[in-house]
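Engineer: I'll drop the sequence and a predicted model, then ask my questions.
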Amino acid sequence: MRMERMAVALPSKPHYVMLDALRGVAAVMVAVFHIMETHMALAGGTSRDTLLNHTYLAVDFFFLLSGFVLAYAYDDRRAALPLGAFLRRRLIRLQPMVVLGGLLGAAVFYTHGAESVGWGGIPETPLWRWGVVAVLGVLLLPVPKALNIRGWGEMFPLNAVSWSLFYEYIGNVAYAVVLRWLPTRLLAAFAGVMACGAAAWLFLGPTGDLLRGWMLTPEHVGVALLRLFLSFGLGLLLARVARPCPVRVPFWALAAALVAYFAVPRLGGDSHLWLNGLYELFGVLAVFPLIVWLGAGGGLHAHTGRSDAFCRWLGDLSYPLYITHFPFILTYTAIVANRGWHTFAQAWPLALATLAAALLFAHLAARYYDVPFRCFLSARFARPARDCARLK
């Protein structure tokens, strides 16, 4: 009981502002990517034709950041934080926005009838089926194939991006139970094994990419676990062994590097799948860790004058934007499909309005729902959150 009370009183550490802001950049890029993906699908293309082609690797960047931040926050005080207290903290941090994203997706579902994207049967979906899928979504429980209500085979058809949060929870539990107790050499060996597995998939697999994870199939689950434990393990390892970067790199330079990596088109074509695989492996093993290391080298501030406030805003926005933007994308897809706006040139005003609406909703959700609700839950079940002081 005494140890549990110590854990509840354990204060949160300050955040790395630049890393939070880089997460925000990646979240905005994901939203833009999904808008572009809509037009790729309507034009009859494949995922290889999508503009900003490698933005789906933002998920791997998120997993890397998660491992790095967890190691920074808890590795040096793991003995003072029992398993139950740690899991409560993570549940309070992640679940409120999962619930909001799921409810938002459920609320707009029946407005999405669109024959050209295979959603023509949405109005006939029974309320009971919709209700069951909505409950599973807010509880972050994968939807079985028998309850598929959109036709795309996703684990979370009302808010597809929830799949990465499902694996985020798996990573958090693995950290609490096993990974935080591993000696550094054993952790490095674990990350090495995951890297070998990812390399084998990228060079010997059928697609030459890591674009898997959102379906409840053996292939998707296997690749998702590889992506999770490779990047998450690298983040833990980076936080343990890397000395702070002695050079403070401006936020804009790191943001530009991240955007540039995501924007590179598909490489190699069908005849040289290994080339795209090499590019993705290089990004996960080298580019993303380097960006995180350089970003952490800036310390707990952005060190860019007035942009400190912008970085904090972007960091606060990052998770709410990521977990709530997809229902906006689905609404956008239904509108442009029904109106026959199959090219981005036809729909760009609506695309800008959709992105602006998603950003505004995320800002309001962060300010008036996520932080206050987490503060309430923390006061009752864990510890005061660092964001609570900012509400006063």
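Structural biologist: Sure thing, it's come through. Residues are numbered from 1 along each chain as shown.

Engineer: with adjacent residues omitted, what lies nearest to L136?
Structural biologist: Excluding the flanking residues, the one nearest L136 by Cβ to Cβ, 6 or more residues apart in numbering is V143, at 5.3 Å. Where C-beta positions appear, they are placed from N, C-alpha and C, glycine not excepted.

Engineer: for my notes, confirm that neighbour occurs in a helix.
Structural biologist: No: using DSSP: H, G, I helix; E, B strand; the rest coil, the secondary structure at V143 is coil, not a helix.

Engineer: so it makes contact with G153?
Structural biologist: No: contact between V143 and G153 fails when scored by Cβ atoms under 8 Å: they sit 9.7 Å apart.

Engineer: who has more neighbours out of these two?
Structural biologist: A count of neighbours by other Cβ atoms under 10 Å puts V143 above the other of V143 and G153, at 22 against 14.

Engineer: contacting residues for the more buried one?
Structural biologist: V143 is in contact with 133, 136-137, 154-157, 216, counting by Cβ atoms under 8 Å, 6 or more residues apart in numbering.

Engineer: those residues, buried ones only, as a PyMOL selection?
Structural biologist: A single PyMOL command selects the buried members of the contacts of V143 (16 or more other Cβ atoms under 10 Å):
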select buried, resi 133+136+137+154+155+156+157+216
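
Engineer: quick one: which of the contacts of V143 sit in strands?
Structural biologist: If you go by DSSP state E, the contacts of V143 have nothing in strands.

Engineer: would JSON lines of the contacts of V143 with distance to T331 be doable?
Structural biologist: Below are the contacts of V143 laid out as JSON lines (distance: Cβ to Cβ, whole Å):
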{"residue": "V133", "distance to T331": "18"}
{"residue": "L136", "distance to T331": "21"}
{"residue": "G137", "distance to T331": "17"}
{"residue": "E154", "distance to T331": "16"}
{"residue": "M155", "distance to T331": "20"}
{"residue": "F156", "distance to T331": "17"}
{"residue": "P157", "distance to T331": "15"}
{"residue": "L216", "distance to T331": "25"}
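
Engineer: show me where pLDDT drops low in the chain?
Structural biologist: Along the chain, the parts satisfying pLDDT under 70 run over 1-14, 299-306, 383-392.

Engineer: for it, what's the longest helix?
Structural biologist: helix 307-339 (DSSP state H).

Engineer: contacts for the helix or strand following that one, please.
Structural biologist: Per DSSP states H and E, the first helix or strand lying C-terminal to helix 307-339 is helix 344-365. For helix 344-365, the external contacting residues (Cβ under 8 Å, 6+ apart) are 28, 31-32, 35-36, 39, 97, 100, 104, 313, 317, 320-321, 324-325, 328-329, 331-332, 335-336, 341.

Engineer: out of these, which end up buried?
Structural biologist: By 16+ other Cβ under 10 Å, the contacts of helix 344-365 give 28, 31-32, 35-36, 39, 97, 100, 104, 313, 317, 320-321, 324-325, 328-329, 331-332, 335-336, 341 as buried.

Engineer: show me where the stretch 201-350 of the chain has helices.
Structural biologist: 218-241, 251-263, 273-282, 288-296, 307-339, 344-365 (DSSP state H, counting those that start in this stretch).

Engineer: so the third one versus helix 251-263, what angle?
Structural biologist: Okay, so that is helix 273-282. 160 degrees (axes from the mean of the first three to the mean of the last three Cα atoms, to 10 degrees).

Engineer: the fifth one now?
Structural biologist: Calculated by the same axes, to 10 degrees, helix 307-339 forms an angle of 30 degrees with helix 251-263.

Engineer: what packs against helix 307-339?
Structural biologist: helix 17-42, helix 83-108, helix 251-263, helix 344-365 (3 or more Cβ pairs under 8 Å, 6 or more residues apart in numbering; DSSP states H and E).

Engineer: what do you get for the second one?
Structural biologist: Where contact means 3+ Cβ pairs under 8 Å, 6+ apart, helix 251-263 is packed against helix 17-42, helix 288-296, helix 307-339.

Engineer: how far out from the middle of the chain is the longest one?
Structural biologist: Just to be clear, that refers to helix 307-339. 12 Å (Cα atoms, centre = their mean, to the nearest Å).

Engineer: same question for the first one.
Structural biologist: Helix 17-42 has its C-alpha centroid displaced from the chain centroid by 10 Å (Cα atoms, centre = their mean).

Engineer: next one: the shortest one
Structural biologist: Here the centre of mass of C-alpha atoms in helix 288-296, compared against the chain's by Cα atoms, centre = their mean, lies 17 Å away.

Engineer: check which helices and strands it sits against.
Structural biologist: If you count contacts as 3+ Cβ pairs under 8 Å, 6+ apart, helix 288-296 packs onto helix 17-42, helix 58-74, helix 218-241, helix 251-263.

Engineer: cheers, nothing more for now.
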